[in-house]
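**Student:** next come a sequence and a model predicted from it.
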There are 2 protein chains.
Amino acid sequence: MFSYRYPRPSLTVDSVVFGIDEGSDGVCQLQVLLIKRKDDPHKGHWALPGGFVQVSDDGDQGEDLEDAAKRELLEEAGIKVDYHEQLATFGRPKRDPRGRVVSIVYYALVRSKQHVAKAGSDASRASWWPASEALRELRRHKTFDHDEILAMALKRLRAKVRYEPIIFGLVPREFSLSELQSVYEAVLERPLDRRNFRKRLLAMDLLEPVGERETGGRKAATYTFDRKNYDMQVGRGFQFAL
Amino acid sequence: MFSYRYPRPSLTVDSVVFGIDEGSDGVCQLQVLLIKRKDDPHKGHWALPGGFVQVSDDGDQGEDLEDAAKRELLEEAGIKVDYHEQLATFGRPKRDPRGRVVSIVYYALVRSKQHVAKAGSDASRASWWPASEALRELRRHKTFDHDEILAMALKRLRAKVRYEPIIFGLVPREFSLSELQSVYEAVLERPLDRRNFRKRLLAMDLLEPVGERETGGRKAATYTFDRKNYDMQVGRGFQFAL
DNA sequence: TCAAAAGTGTTTGAATTACACCCATGA
DNA sequence: TCATGGGTGTAATTCAAACACTTTTGA
């Protein structure tokens, strides 16, 4: 047993974590988690959370990439995500001044931002930024290539939300249709017709009614996403769409 | 200037290269390029082409990931691709018996398979396999996780071909509509209505007529894909769709 | 009884599908 | 003149978009 004899790059995982901020007026906003870097490079600047993957050539060979991303999120910002998927890998030479670093980037959705934003390990702070402001901030300081990464993640999220039911990773387990619609509108950055939205969602038969909830006016019915049923329908060739 | 002090994985790039085989009867078939490995692990078995990325912590830090993938294809199989895009990164522990190896996988399309399949460097042979047979072969021998990779690439190609004009990376620069349709049918594995297909493609106004060609019957008009016009239309919010 | 948000149906136009016939060409 | 593949048009249906009123509830 021997390992390959080639120069090796450093390997990191970074995460673009999306959350929803529900304003007191009920208007939702798409947000992104940034951490303030404790160390160089880019010390003191805001960046995407991430860190090194624990690897080895012996024994169990270290941790899985996705586990590494989750671990870093927990360490740096104290959060647990509800949806997690690989975005892409960024490895352009010179993206890190100190050596060749290749970063595998994940994007993640969190339902509740309750216990989030306690800083830890490499971060002196962790906080939520409105998506567009985060993008501006990363561009302003040219923090690695994190601006490009965030731009790609936003594009992917907006595309994906329309043909896969990942939106449910951004709302509480129980939600009303209006709430769900607000989240869609925050992600897509455009208004949706309430009646058509309702018709569409209910017609797909993926929502299970679970109760009702007080609102400013009439009580709203609440639902959960019925993943069992979704998986079954997908098996029959069903395709989710907005 | 110093580099990060963490254990590092080996880094490879692999490629899933798709091509079209036009049978003498005009029926097209989707194919995948496999190489026969010269060395362990999996010596003598068919696998996806790929190899190590040249990296360094000093100077220019080595080659870009995409360039590495292209270089390996040229070295191992003597081919130049017409479309190249990142698929995903595979880095599960134990996927390579000799140490932690993380592989960034690209998928590529070639228009013409003319000068392809001369073997080189790590490959004792390089040849084209019908997509489904290639998948079976990779599954049979459990060659790394290449079966999973190919399955993902196939899924991605089939999805992508419907909403981005990448199909033109699989046909000659000049093609007839029937030819284009045959390629779509090979990729999607289902028949398309000839009249609706024609209407749809011509209506998008992306094909530039360039001449005509002899066939078994009446002459067929030939076209090229007008990328200039496509880019312009995309700028105006146009969305390609099958 | 008023404001605020939930809930419901219908009409219209656009897009997609299904489908059948004529045309040019070379053998 | 026949077989082969290229080329075109239309009707039927389905899907998406636009749109307005009624209901419940708490203040």
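**Tutor:** Looks like it came in fine. Numbering: from 1, shown residues only, chains lettered A, B, ... in the order given.

**Student:** quick check, A:Tyr223 in contact with A:Leu177.
**Tutor:** Yes - with contact defined as CB atoms under 8 Å, A:Tyr223 reaches A:Leu177; the gap is 7.2 Å. Yep, even glycine has a C-beta here, placed from its N, CA and C like the rest.

**Student:** what separation do you get for the closest residue to A:Tyr163 other than its chain neighbours and A:Ala203?
**Tutor:** For A:Tyr163, ignoring the flanking residues on the chain, the nearest one in space by CB to CB, 6 or more residues apart in numbering or on different chains is A:Ala241 at 5.6 Å. Relative to A:Ala203, A:Ala241 is positioned 11 Å away (CB to CB, to the nearest Å).

**Student:** in chain A, which spans are helices?
**Tutor:** Along chain A, counting by DSSP state H, helices occupy A:65-77, A:131-141, A:146-163, A:177-188, A:194-203, A:227-235.

**Student:** got the phi and psi for A:Gly91?
**Tutor:** The phi and psi torsions at A:Gly91 (degrees, to the nearest 10) take the values phi -150, psi 20.

**Student:** then the one 4 residues further on?
**Tutor:** Torsion angles at A:Arg95 (phi, psi; degrees, to the nearest 10) stand at phi -70, psi -20.

**Student:** hmm, A:Lys142 and it touching each other?
**Tutor:** No - under the criterion of CB under 8 Å, A:Arg95 makes no contact with A:Lys142, lying 10.5 Å away.

**Student:** who's more crowded, the two?
**Tutor:** The neighbour comparison of A:Arg95 against A:Lys142 (other CB atoms under 10 Å in any protein chain shown) goes to A:Arg95, with 16 against 11.

**Student:** let me see the contact set for that one.
**Tutor:** Contact analysis of A:Arg95 by CB atoms under 8 Å, 6 or more residues apart in numbering or on different chains lists A:Val101, A:Ser103, A:Phe144, A:Asp145.

**Student:** of those, closest to chain B?
**Tutor:** A:Val101 (7.0 Å; CB to the nearest CB).

**Student:** in chain A, where is pLDDT below threshold?
**Tutor:** Counting by pLDDT under 70, chain A has low-confidence residues at A:1-4, A:115-117, A:119-121.

**Student:** domain ranges for chain A?
**Tutor:** A:10-162, A:167-235 (automatic domain parsing).

**Student:** so which of the ones you listed is the most surrounded?
**Tutor:** For those, the largest average neighbour count (mean count of other CB atoms under 10 Å in any protein chain shown) is found in domain A:10-162, namely a mean of 19.

**Student:** so in terms of bridging, what pairs with the spatially most central residue of chain A?
**Tutor:** The residue lying closest to the centre of chain A (CA atoms, centre = their mean) is A:Ala108, at 2.5 Å. Beta-bridge partners of A:Ala108, counted by DSSP bridges, are A:Val17, A:His84.

**Student:** isn't it up against A:Tyr83?
**Tutor:** Yes - contact criterion CB under 8 Å: A:Ala108 and A:Tyr83 qualify, at 6.3 Å.

**Student:** what distance do you get for the residue of chain A found nearest DNA strand D to chain B?
**Tutor:** Residue nearest to DNA strand D within chain A: A:Arg218 (3.0 Å; CB to the nearest atom of the strand). Per CB to the nearest CB, to the nearest Å, A:Arg218 is found 38 Å from chain B.

**Student:** residues touching that residue, list them.
**Tutor:** Counting by CB under 8 Å, 6+ apart, A:Arg218 touches no other residue.

**Student:** format the contacts of A:Arg95 as a markdown table; extra columns: distance to B:Gly78.
**Tutor:** Below are these laid out as a markdown table (distance: CB to CB, whole Å):
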| residue | distance to B:Gly78 |
| --- | --- |
| A:Val101 | 32 |
| A:Ser103 | 32 |
| A:Phe144 | 36 |
| A:Asp145 | 33 |
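
**Student:** just the CA atoms of stretch A:45-55, as PDB, please.
**Tutor:** Extracted C-alpha coordinates of stretch A:45-55, given in PDB (Å, rounded to 0.1, in the frame of the first residue of the first chain):
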ATOM      1  CA  HIS A  45     -13.200  40.600   6.200                       C
ATOM      2  CA  TRP A  46     -16.500  38.900   5.700                       C
ATOM      3  CA  ALA A  47     -16.400  35.600   3.800                       C
ATOM      4  CA  LEU A  48     -18.200  32.400   3.200                       C
ATOM      5  CA  PRO A  49     -17.900  29.900   6.100                       C
ATOM      6  CA  GLY A  50     -15.600  27.000   5.400                       C
ATOM      7  CA  GLY A  51     -12.400  25.200   6.200                       C
ATOM      8  CA  PHE A  52     -10.000  22.400   5.600                       C
ATOM      9  CA  VAL A  53     -11.100  18.800   4.900                       C
ATOM     10  CA  GLN A  54      -9.600  16.300   7.300                       C
ATOM     11  CA  VAL A  55      -7.900  13.700   5.000                       C
END
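
**Student:** next one: that stretch to chain centre, how far?
**Tutor:** 15 Å (CA atoms, centre = their mean, to the nearest Å).

**Student:** so it, near chain B or not?
**Tutor:** Yes - Stretch A:45-55 comes into contact with chain B (CB under 8 Å from any CB of the partner chain), by way of A:Phe52, A:Val53, A:Gln54, A:Val55.

**Student:** can you check stretch A:180-190 too?
**Tutor:** No - using CB under 8 Å from any CB, stretch A:180-190 stays clear of chain B, coming no nearer than 12.7 Å.

**Student:** ok, residues contacting that stretch?
**Tutor:** A:20, A:22, A:26-30, A:157-158, A:161-162, A:167, A:170-171, A:191-192, A:194, A:197-198, A:201, A:242.

**Student:** ditto for stretch A:235-242
**Tutor:** Here stretch A:235-242 has contacts from A:Val161, A:Arg162, A:Tyr163, A:Glu164, A:Pro165, A:Tyr184, A:Arg200, A:Met204, A:Leu206, A:Tyr230, A:Val234, using CB under 8 Å, 6+ apart.
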